[in-house]
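K.L.:
Just need the structure, nothing else, for what follows:
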Amino acid sequence: MRFAQLIIRLFIWLAHLTPAPLYRLASKLIAQSLVFTNSKTVRVIQTNLTLCFPKMTKNEKRQLTFDYLTNHFFMSKQAACAWVGSRSQIEAKFADVSGQSLIHENNGKATIIAVPHIGNWEFFWHWLQLNFEAISLYSPASFKPLDNLILNARKRFGGQPFDTRPKSLIRLIKKLKQGGVMMILPDQAPKLGSGIYSPFYQHPAYTMTMLHKLVENSGAKLLLGSCIANDKGNEYSIVVEEPEFNPQDLTLEQFNAKLNHNIETIIERNPAQYLWGYKRFKRQPTGSELYLDEIKRREKRQEKQQSRSKN
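P.N.:
Next comes the predicted model:
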C-alpha cells in the first residue's frame, strides 16, 4: 500500500513539475491520437454531444471533442498543483473572482454552492476553503492510496469534507445550519435509489435528490459556482452566481429540472471545459442504453444468460 502511494505521489509531482507548455503540447498530441483512432472515450463524448447539441455539425463536434480532450488532459497537471502545490502557487491560479459578495450577503447563514463538472472544481474548493468555513460531501475513491492523497489535499486549508454515511450527513447538516458554506457537485449520477430522472438537454438524466433535501431541511441559500480556465489553462476565473429560480417551495421534480437548465446555461458559456467524457445519460428510465459500449456489454450479458439457460 505504501509503495503504491509513493508511485502515485511520484506521478503527481512529475505532472506538477513538468513545464506547462510541454504538458499542453502532450495533451494536444494525446487528444489528436484519441480522435484519430475513434477511441472508446471519443465515442462517449460524441454520443453526449449528439444528444445535447443535435444541430451541431460533424466537424463542429470533432473540434469540440478535440478541445475538450486537450483541456481534460491538461487539467491533470492543474489537479496535481491542487493536490501538492503550495498555498502561494494555488492562490496565484485565481485570476479574478466575481460574486463573492453573494456569500457575504447571507450574513453567516447556511449557504450551498452547486458546482457543476466544468473547468476545475478542485480549485473552486480550494478557493472556498481559503476564504470561508467550507464543507463538502465526499465520495471516497475506490483505490485507497489515491483516496488518502485526495482527502488530505481537500482538508489542507481548513475545509471539512464529509462522507455520505448517515452519521456524517447529520454532522454536515449541523455544520451547515451553523453558517457553513457547502460545495456540492450536482451533475453526477447518484447511486440507484438516490435520484430521479430529470431533463438535461431535453433527455432524461438520473439526477440526485440530496441537493433538494439539503436546501429544504437546512433553509440554505442556494448559489451556483464555477472555476473556468483561461485560454492557456494556467489561471482561473471564480464565478459565484444566483440561480435563475427561487429554490424554495419547489417540488423535487421542479427543482431538479430548473437546476439542470441552469447547468446548461453555465456549460454553453464554455462548452469545451465541461466533462463530456462522463456517461451522464447511462441510466435511462426505459431500460435502454445510449452508449455503444454499454449496448455491447448488455448484448454480451444477454448472450451468456441465453447460453446458460440452454445448458
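K.L.:
And residue 200, its phi and psi?
P.N.:
phi -130, psi 110 (degrees, to the nearest 10).
K.L.:
hang on, residue 274 packs against residue 267?
P.N.:
Yes. Under the criterion of C-beta atoms under 8 Å, residue 274 makes contact with residue 267 at 4.7 Å. The C-beta positions use only the backbone N, C-alpha and C, and glycine is treated the same way.
K.L.:
Give me the common contacts of the two.
P.N.:
116, 118 (C-beta atoms under 8 Å, 6 or more residues apart in numbering).
K.L.:
And those two? Which one has more around it.
P.N.:
Using other C-beta atoms under 10 Å, the more surrounded residue of residue 274 and residue 267 is residue 274, with 26 against 22.
K.L.:
any idea how far the more buried one lies from residue 150?
P.N.:
Separation of residue 274 from residue 150 (C-beta to C-beta, to the nearest Å) stands at 21 Å.
K.L.:
now swap in residue 117 and tell me
P.N.:
Look at residue 117 and residue 150: by C-beta to C-beta, they are 15 Å apart.
K.L.:
Summarise which helices and strands whatever helix or strand residue 212 lives in is packed against.
P.N.:
Per DSSP states H and E: residue 212 is located in helix 210-218. Here helix 210-218 touches strand 111-114, helix 166-177, strand 181-184, helix 252-269, going by 3 or more C-beta pairs under 8 Å, 6 or more residues apart in numbering; DSSP states H and E.
K.L.:
Please point out which parts of the longest one sit buried.
P.N.:
Residues of helix 252-269 classed as buried by neighbour count (16 or more other C-beta atoms under 10 Å): 252, 255-264, 266-267.
K.L.:
quick check, nearest of the residues you listed to residue 201?
P.N.:
Nearest to residue 201, judged by C-beta to C-beta, of the buried residues of helix 252-269 is residue 264 at 6.2 Å.
K.L.:
quick one: contacts for the nearest residue to that closest one once chain neighbours are set aside?
P.N.:
Spatial nearest neighbour of residue 264, excluding adjacent residues (C-beta to C-beta, 6 or more residues apart in numbering): residue 201 at 6.2 Å. Contact analysis of residue 201 by C-beta under 8 Å, 6+ apart lists 51-53, 264.
K.L.:
Among those, which one has the most neighbours?
P.N.:
Neighbour counts for the contacts of residue 201, by other C-beta under 10 Å, peak at residue 52, which reaches 20 neighbours.
K.L.:
how near is that one to residue 281?
P.N.:
Applying C-beta to C-beta to residue 52 and residue 281 gives a distance of 9 Å.
K.L.:
Which of the helices and strands packed on helix 210-218 sits closest to residue 217?
P.N.:
Among these, the nearest to residue 217 by C-beta to C-beta is helix 166-177 (6.4 Å).
K.L.:
those helices in the chain, which residues are they?
P.N.:
For the chain, helices defined by DSSP state H occupy the ranges 2-17, 20-37, 40-52, 58-84, 87-91, 100-104, 121-131, 144-155, 166-177, 210-218, 252-269, 292-310.
K.L.:
I'd like to know which of the ones you listed is closest to residue 184.
P.N.:
Evaluated with C-beta to C-beta, the helices of the chain place helix 210-218 nearest to residue 184, the distance being 5.9 Å.
K.L.:
can you list contacts of that closest one?
P.N.:
110, 112, 114, 137, 173, 176-177, 182, 184, 186, 190, 194, 220, 222, 247-248, 250, 252, 255-256, 259.
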